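Asker: Fold the following.
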Amino acid sequence: MATLAAKAKNQEARRANRKTIDTVYMGKEPVFSPGDTPTDPVLADRLWSKAANWYNYYYDPKDYVPYVLKYGSEVLGWTPEQCKRVKALKDYEIAMTIGAGKACVIHFRGFEYLPEFRAKVDAKMANLLEHAESKEEEPEEDDDDKPVKIVISPQQRMRAKMMDTIYSDFDEIVVDGWLDNKFSIKLDVYGLCKKYQIKGNAINMFKEKIQVHLEEYNDAYNKTCEQAVEGYEHVSRANQKKAIKQLEAIIADCEALKQSAKATRIPRAKKPRASDKQVEKLKYMKESIDFKLTSVNPIMIPAGYRLYVFNTKYKKLFEYVTNSTKGFEVKGTTLKNFDSKLSRCIGLRKPEDVLPAILKKTPKQINNIWDSLTTKTGECNGRINQDCILVRVMDK
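Answerer: Predicted coordinates:
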């Protein structure tokens with residue numbers, strides 16, 4: 001009978017393999033390795049259209065902008081001034097009006113454009129640049145005609161809200177009550193702050209205002225300030241003590257609110273970096289003539305769950321495995337988020353016999369081949385360098 005730990009492990013593995021409805025119908029993000037692009041124009045156009053459909057579904061106009069600027073700078077040699085002009089356009093103008101957005105993204109996903117298709121993309125980019133440079137600058141208004149814009153800072157807005165809500169209630173209920181000699185009146189600060197949604201620095205602002213009242217009453221009660229004694233001589237010492245007690249209770253409520261906010265605050269989820277940004281500094285060998293291997297596109301790594309890497313210098317095969325629902329992560333030249341217990345490496349005496357199997361066999365079949373090898377299995381450190389071929393990425 002399976003233990004609870006084994007059941008939990010199986011459940012976690014099943015969750016990692018789940019696919020969203022979008023993934024079922026749209027597939028994963030299209031990424032192309034060298035040789036994936038057909039040389040037949042019809043087939044290439046069909047493959048490109050399928051990829052464009054994926055980006056049309058998932059991407060907003062602003063998502064295309066960095067790729068358009070990168071293509072213009074790295075492929076077409078645009079100057080920084082030209083990039084600046086294009087960047088000044090609206091997002092939809094850059095991505096949609098000229099139709100260059102999807103073409104640039106798909107280029108950086110490894111799609112190898114045929115000459116006639118490349119010419120069309122470059123023509124679209126030339127039209128985009130021309131469109132940007134033809135934009136006439138709007139005439140500046142005279143300073144005398146410009147309406148004076150009053151800028152209210154978030155801090156000022158917060159203070160105004162506090163003064164109009166909870167401090168106004170304090171002034172009307174408590175202070176006015178004290179003037180009528182009603183020192184038994186109590187103010188539910190905790191409930192009012194929740195009602196008016198006063199939080200963060202606004203609570204501190206309110207607390208500071210109450211602290212001023214408390215210091216004045218303390219000075220009057222303890223006779224440490226002549227002005228305070230004179231200002232509150234109409235209030236009996238018994239009532240002064242009641243006021244001090246009430247003000248201290250209000251300050252305690254403010255502290256309780258701050259602690260409550262800390263306890264319920266949801267930490268900001270860290271947004272995962274885009275795949276191309278993760279691997280932009282990754283060093284690897286694109287092709288090995290000696291071992292007849294070509295690296296897959298490294299963009300595929302962050303979305304993968306199993307990665308095979310072959311070090312051509314030391315003839316070592318690495319198998320990286322992760323059970324995380326996020327897949328692998330790449331930082332600089334290091335692979336992150338892999339399971340050190342499931343990942344392994346081994347030296348290959350005859351790489352030409354093993355590597356072809358790695359390219360096409362299932363994980364279970366590869367495991368059988370691995371077990372038949374006589375060299376010792378070691379641990380992985382996650383480092384990938386210029387001697388490493390990215391042999392294969394699998395999504396489960």
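Asker: Find the helix or strand that Trp48 is a member of.
Answerer: helix 41-58 (DSSP states H and E).
Asker: now do Gln365
Answerer: helix 363-372.
Asker: in that helix, what counts as buried?
Answerer: Ile366, Trp370 (16 or more other Cβ atoms under 10 Å). Any C-beta I mention is one placed from the backbone N, CA and C, and that applies to glycine too.
Asker: next one: stretch 152-167
Answerer: Met158, Arg159, Lys161, Met162, Thr165, Ile166, Tyr167.
Asker: quick one on the thing from earlier: which residues sit against the helix holding Gln365?
Answerer: Arg306, Glu319, Arg344, Ile346, Val354, Ala357, Ile358, Lys361, Thr377, Met394 (Cβ atoms under 8 Å, 6 or more residues apart in numbering).
Asker: by contact count, what packs against the following helix or strand past that helix?
Answerer: Downstream of helix 363-372, the first helix or strand assigned by DSSP H and E is strand 377-378. In terms of contacts (3 or more Cβ pairs under 8 Å, 6 or more residues apart in numbering; DSSP states H and E), strand 377-378 is packed against strand 344-347.
Asker: Packing partners of the strand it packs on?
Answerer: Counting contacts by 3+ Cβ pairs under 8 Å, 6+ apart, strand 344-347 packs against strand 316-321, strand 377-378.
Asker: can you give me how far the next helix or strand along the chain from the shortest one is from the chain middle?
Answerer: Going back to what we said before, that points to strand 377-378. Using DSSP H and E, the helix or strand that follows strand 377-378 in sequence is strand 388-394. Relative to its parent chain, strand 388-394 has a centroid offset of 26 Å by Cα atoms, centre = their mean, to the nearest Å.
Asker: List the buried residues of the helix holding Trp48.
Answerer: Buried, per 16+ other Cβ under 10 Å, within helix 41-58: Ala44, Leu47, Trp48, Ala51, Ala52, Trp54, Tyr55.
Asker: now for whichever helix or strand comes after it, which elements pack on it?
Answerer: Scanning forward in sequence from helix 41-58 by DSSP H and E, the next helix or strand is helix 61-74. Helices and strands touching helix 61-74, as assessed by 3+ Cβ pairs under 8 Å, 6+ apart, comprise helix 80-87, helix 91-92, helix 101-108, helix 115-133.
Asker: Go again with 7 Å.
Answerer: helix 80-87, helix 91-92, helix 101-108 (3 or more Cβ pairs under 7 Å, 6 or more residues apart in numbering; DSSP states H and E).
Asker: Reformat those helices as TSV; add mean pLDDT, mean neighbour count and distance to Ile366.
Answerer: Output for the helices and strands packed on helix 61-74, formatted as TSV (pLDDT from 0 to 100; neighbours: other Cβ atoms under 10 Å; distance: least, Cβ to Cβ, whole Å):
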stretch	mean pLDDT	mean neighbour count	distance to Ile366
helix 80-87	90	15	46
helix 91-92	85	14	45
helix 101-108	89	23	31
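Asker: Adding distance to Tyr314 as columns, could you present the ones you listed in TSV?
Answerer: Shown next, in TSV, are the helices and strands packed on helix 61-74 (distance: least, Cβ to Cβ, whole Å):
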stretch	distance to Tyr314
helix 80-87	42
helix 91-92	48
helix 101-108	32
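Asker: related to what we said a few turns ago, out of the buried residues of helix 41-58, which one sits closest to Cys388?
Answerer: For these, the minimum distance to Cys388 (Cβ to Cβ) is 27.3 Å, reached by Ala51.
Asker: Contacts only, for that closest one.
Answerer: Pro30, Ile106, Phe111 (Cβ atoms under 7 Å, 6 or more residues apart in numbering).
Asker: For the second one, list the residues it contacts.
Answerer: By Cβ under 7 Å, 6+ apart, the contact list for Ile106 reads Trp48, Ala51, Ala52.
Asker: how much space between the last one and Asn337?
Answerer: Shown here: Ala52 relative to Asn337, a distance of 30 Å by Cβ to Cβ, to the nearest Å.
Asker: And the second one, by the same measure?
Answerer: To Asn337, Ala51 is 27 Å away according to Cβ to Cβ.
Asker: Surely Phe174 and Leu187 touch.
Answerer: To be clear, residue 174 is Val; Phe isn't right here. Yes: between Val174 and Leu187 a contact is recorded at 5.4 Å, counting by Cβ atoms under 7 Å.
Asker: rewinding a little: could you give the angle of the helix holding Gln365 to strand 316-321?
Answerer: Relative orientation of helix 363-372 versus strand 316-321 (axes from the mean of the first three to the mean of the last three Cα atoms, to 10 degrees): 140 degrees.
Asker: Now find how far off-centre helix 363-372 is within its chain.
Answerer: Distance of helix 363-372 from the chain centroid (Cα atoms, centre = their mean) equals 37 Å.
Asker: Ser73 is nearest to which of the helices and strands packed on strand 344-347?
Answerer: strand 316-321 (33.2 Å).
Asker: so the closest one versus strand 388-394, what angle?
Answerer: 30 degrees.
Asker: From Lys186, how far off is Lys258?
Answerer: Lys258 is 20 Å from Lys186, by Cβ to Cβ.
Asker: For these two, indicate the residue with more neighbours.
Answerer: With neighbours defined as other Cβ atoms under 10 Å, Lys258 and Lys186 compare such that Lys258 has more, 15 against 11.
Asker: Most tightly packed of the helices and strands packed on strand 344-347?
Answerer: The highest average neighbour count among those, using mean count of other Cβ atoms under 10 Å, belongs to strand 316-321 at a mean of 22.
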